[in-house]
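Novice: fold the stuff below for me.
(3 chains)
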Amino acid sequence: MADPRFFTRKGPFSLGFIAQRIGATLSLPASESLLIADVATLDRAQPGEISVYSDPRYREAAGCSRASAIITSPAFAEQTPSATTMLLLKDPRLGYALVGALFYPTELLDAGIDPGARIDPSAMIGPDTQIDAGAVIGPKAEIGARCHISANAVIGRGVVIGDDSRIGANSVISHALIGARVDIASCVSIGVQGFGFVPGPQGLVRMQQLGRVIIEDGVEIGANSAIDRGATDDTVIGAGTVIDNLVQIGHNVVIGRHCVLSGQAGVAGSSTIGDGVMVGGGTSISDHLVIGAGARIAGKSGVARDVEPGQAVGGYPAVPIRQWHRQTSALTKMSQRSGES
Amino acid sequence: MADPRFFTRKGPFSLGFIAQRIGATLSLPASESLLIADVATLDRAQPGEISVYSDPRYREAAGCSRASAIITSPAFAEQTPSATTMLLLKDPRLGYALVGALFYPTELLDAGIDPGARIDPSAMIGPDTQIDAGAVIGPKAEIGARCHISANAVIGRGVVIGDDSRIGANSVISHALIGARVDIASCVSIGVQGFGFVPGPQGLVRMQQLGRVIIEDGVEIGANSAIDRGATDDTVIGAGTVIDNLVQIGHNVVIGRHCVLSGQAGVAGSSTIGDGVMVGGGTSISDHLVIGAGARIAGKSGVARDVEPGQAVGGYPAVPIRQWHRQTSALTKMSQRSGES
Amino acid sequence: MADPRFFTRKGPFSLGFIAQRIGATLSLPASESLLIADVATLDRAQPGEISVYSDPRYREAAGCSRASAIITSPAFAEQTPSATTMLLLKDPRLGYALVGALFYPTELLDAGIDPGARIDPSAMIGPDTQIDAGAVIGPKAEIGARCHISANAVIGRGVVIGDDSRIGANSVISHALIGARVDIASCVSIGVQGFGFVPGPQGLVRMQQLGRVIIEDGVEIGANSAIDRGATDDTVIGAGTVIDNLVQIGHNVVIGRHCVLSGQAGVAGSSTIGDGVMVGGGTSISDHLVIGAGARIAGKSGVARDVEPGQAVGGYPAVPIRQWHRQTSALTKMSQRSGES
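Specialist: Presented below is the predicted three-dimensional model:
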């Protein structure tokens, strides 16, 4: 089970309740009243716990798991010689994610404003919101209902945060309009001025950055990431997009909905990323590019040209993924010949 | 106009005042008393607003802009069939930057020390400086005049900060001497110990890091960046240099004046970078290298050798930029042949 | 000498004491009562100071150094025509590191809890621990003896920190068990939820992250780095491992003992790194890989496959280091031919 020092477990829940909740069918309907106390991996699960089997590599582990119930798909269930109750549904991993959230809900708010928080009198705080010690909320900021502003977070003047959003400890938000159900981790900087300068006679002259950051509903942003506000237009992160740790988003970047940007990725100023784009870890995208919807960019790539919708690219500079693999393969052969001679 | 929740606009100003301020000539001298209320892009500007036209790609937008005045160069003005008043000067973008700062000055200080700040009694704070809630100023620190130490920033023992400098929220400064007009964004770490270890019989032994960080006048440092203090000598950032978000500067690095380091760049320990060097985003520079003045390093490069003054390099490992382009082109051809066979 | 605004020097110490402390032999036994006041580089050292000579490139500097004593190896001492007292031992750099720590001990704690810190009544704080203003310690956290929790650091519910550990200013620790003598710099995020999602009908669904971060004894973690907690199992950093600034460690990653991860390196989820592995700066390691003990990975590499124990690799994608050098060399030749034609 998850370490009780860090996680509060709910339940137990009956198998019937769980199956209904995730839209699964029970392989043994008689077991619907069986009580389940926890989630666990196949090899660690004990009687009374539920696990998931969604990858044929774990077929053996599924066969000898001590779990009282296993979430899986009908196809896998047939191949698995197990007396365990199966919860059958099309997408077992999705079902397992939902069951995980049932036993371990994201956060149990302890609503109220800590006396050690500093809230400007003109700020508006929604009901049932938790604000921790050391948090600083600026003038005319508007925080929604059921939010959690963690310790030492700093919310600047005029920032708007929608309902059910969470701002991690020591994060700094300014010049931003943030939607509902947004989850921002710790030590994140949002709304900082973008990197815009003009050469002048005595050196670089800063171009004032007069835009905002718009973060739509359901976005997640990982620890220690930074998002610049727009220079004139806004920087936008579309609904449902998830951003990992240590990611850099430049000014005026517009990212679509349901994108995935992995750790240490970076997007330079004014680039546009369509819906559903996947960006691998450590990948850099140059400025003023257009990345089409559904594009997939391999990890550690350096993208210097536009990418067509749906295209998979990789490499430095990034090219279509099959071309990159051919390049890599040709280079290997060439270096082998070179090594022989 | 910029969102008034986040930006305070000055003005209006007369065209004559603006032209004088940026050293421009009015194409229609009669319009010098015309009042201008805001800056805006060509396509968004309304009557009473001023815009800029400095790129031939926007010629059409300049022709049909509703702006009451456009900052541009004499050459562009001739090509643009517009009845709008032009403010003519050699470098329109520089002029526009100055006008932007006129309408939206960087910051309006609210001088004073918040009662929620913690200032050591031996620290010295200059006049008209603003220190926000939760800021912690250590013993014998010296903060200049008209500075802004933002919420929850931590300024360590003995740190010196010159006049008109700004330290962003949740940033941490130690072992550093910082000049005037320095702008440090949020969640920045300056003065941390460098990465120096010696193998010992029971594992790595830390080499004490006894140097400082010297940040000269007018430097800007982006959010979530980290600058190590020197091991024996100092780490130095030269006057007027600008550093973007999530940049890593190792111990003993010496960076010249008026350099530009874009997002997620990294410079390993003891490397020296001359004046006016441009480092692209995501580029890594190895340790103990010398990068000559005026060098330009393409984004995402991995620099493993010294770079001559004025040289442009790119690639991994970085080579002269034309060689890198030839390599990329040759690799493409080779992979095409390979794909055909 | 190190700037006294930032460093407190101990001593003086006699040469005899120093030699005994680091296990060195004095070349001139009669000088054992000579008092030494400071450490310094060969070219900067003054009479009364001690330096180190461990690299033949500095032979001339060693010969004309004004230092009263030089730590070096017997082989170097013979080649150096100097009347200075030599402290002879096998590994002079290790000796110098130990002498540096003698004159400048890591930190002089000012034990006690600042009234501006917020300690939950259920937290346990060990003796002689220093907790600075603005630090927030959550319920049931356990902090050991002689620790330093710096200003505005946030220690979450249930976190355990061993004796003699230091948490830098504005760092955030949650869901973590931390050993003794661990040194965590500023603006570090430890224990944040990993980047785990499952596609659902309305977008990505978060997979609850129910593991912890285990940091063993003697680990160092650089500024602005981020370490995710495990998804089901734990994320583990082995004893004596050192991690530089701006490094990303994904969920379920297991790193062995005495590893070195340089600045801006990243390790994606569920990869395993053996003991004594060296990872260069800016290198990305993909998810679910196994990096064998003693492997060495060149800076800026993109590792997409397992690496054998003891193997040296580099490149993007990373290959054995000699193959990478051959590739680079072949590519250079090819681009030269291409440039000629």
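Novice: hey, let's count contacts and neighbours off CA atoms from now on
Specialist: OK.
Novice: quick one: the helices in the stretch 1-150 of chain A?
Specialist: Along the stretch 1-150 of chain A, counting by DSSP state H, counting those that start in this stretch, helices occupy A:15-22, A:59-63, A:74-79, A:92-103.
Novice: packing partners of the third one?
Specialist: Using 3 or more CA pairs under 8 Å, 6 or more residues apart in numbering or on different chains; DSSP states H and E, the elements in contact with helix A:74-79 are strand A:85-88.
Novice: picking up where we left off before, export the helices of the stretch 1-150 of chain A to CSV and tack on mean pLDDT and mean neighbour count?
Specialist: Shown next, in CSV, are those (pLDDT from 0 to 100; neighbours: other CA atoms under 10 Å in any protein chain shown):
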stretch, mean pLDDT, mean neighbour count
helix A:15-22, 97, 18
helix A:59-63, 88, 18
helix A:74-79, 83, 15
helix A:92-103, 96, 22
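Novice: turn those helices into CSV, columns for distance to B:Leu102.
Specialist: As requested, the helices of the stretch 1-150 of chain A are exported to CSV (distance: least, CA to CA, whole Å):
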stretch, distance to B:Leu102
helix A:15-22, 58
helix A:59-63, 68
helix A:74-79, 67
helix A:92-103, 52
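Novice: looking at those, which is closest to A:Gln248?
Specialist: With CA to CA as the criterion, A:Gln248 lies closest to helix A:92-103 of those, at 28.2 Å.
Novice: now the stretch 1-150 of chain A against chain B: closest residue?
Specialist: Here the residue of the stretch 1-150 of chain A nearest chain B is A:Gly134; by CA to the nearest CA that distance is 6.7 Å.
Novice: surely that residue touches A:Asn152?
Specialist: Yes. Contact criterion CA atoms under 8 Å: A:Gly134 and A:Asn152 qualify, at 4.3 Å.
Novice: identify the contacts common to those two.
Specialist: Common contact partners of A:Gly134 and A:Asn152 (CA atoms under 8 Å, 6 or more residues apart in numbering or on different chains): B:Gly134, B:Asn152, C:Gly134, C:Asn152.
Novice: Three-state assignment for A:Ala151, please.
Specialist: Under DSSP: H, G, I helix; E, B strand; the rest coil, A:Ala151 falls in the coil class.
Novice: just read off the phi/psi values of it.
Specialist: Main-chain dihedrals, A:Ala151, degrees, to the nearest 10: phi -60, psi 140.
Novice: same question, A:Gly218
Specialist: Main-chain torsions, A:Gly218, degrees, to the nearest 10: phi 70, psi 10.
Novice: do the one 10 residues further on as well
Specialist: With angles defined as degrees, to the nearest 10, A:Asp228 sits at phi -80, psi 150.
Novice: buried ones in stretch A:127-144, by neighbour count?
Specialist: A:128-144 (16 or more other CA atoms under 10 Å in any protein chain shown).
Novice: how's chain A carved up into domains?
Specialist: Using automatic domain parsing, the domain ranges for chain A come out as A:13-103, A:171-323.
Novice: for the ones you listed, which one ends up most surrounded?
Specialist: Scoring these by mean neighbour count under mean count of other CA atoms under 10 Å in any protein chain shown gives domain A:171-323 as the most buried, with a mean of 25.
Novice: hmm, back to that, would CSV of the domains of chain A with distance to B:Asp114 be doable?
Specialist: Formatted as CSV, the domains of chain A follow (distance: least, CA to CA, whole Å):
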stretch, distance to B:Asp114
domain A:13-103, 42
domain A:171-323, 18
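Novice: of the ones you listed, which is nearest C:Leu261?
Specialist: Among those, the nearest to C:Leu261 by CA to CA is domain A:171-323 (15.1 Å).
Novice: how far does that closest one sit from its chain's centre?
Specialist: Here domain A:171-323 shows a centroid-to-chain-centroid distance of 14 Å under the convention CA atoms, centre = their mean, to the nearest Å.
Novice: so that domain, near chain C or not?
Specialist: Yes. Against chain C, domain A:171-323 shows contacts by CA under 8 Å from any CA of the partner chain at A:185-187, A:223-224, A:240, A:244-246, A:258, A:262-264, A:281-282, A:299-300, A:315.
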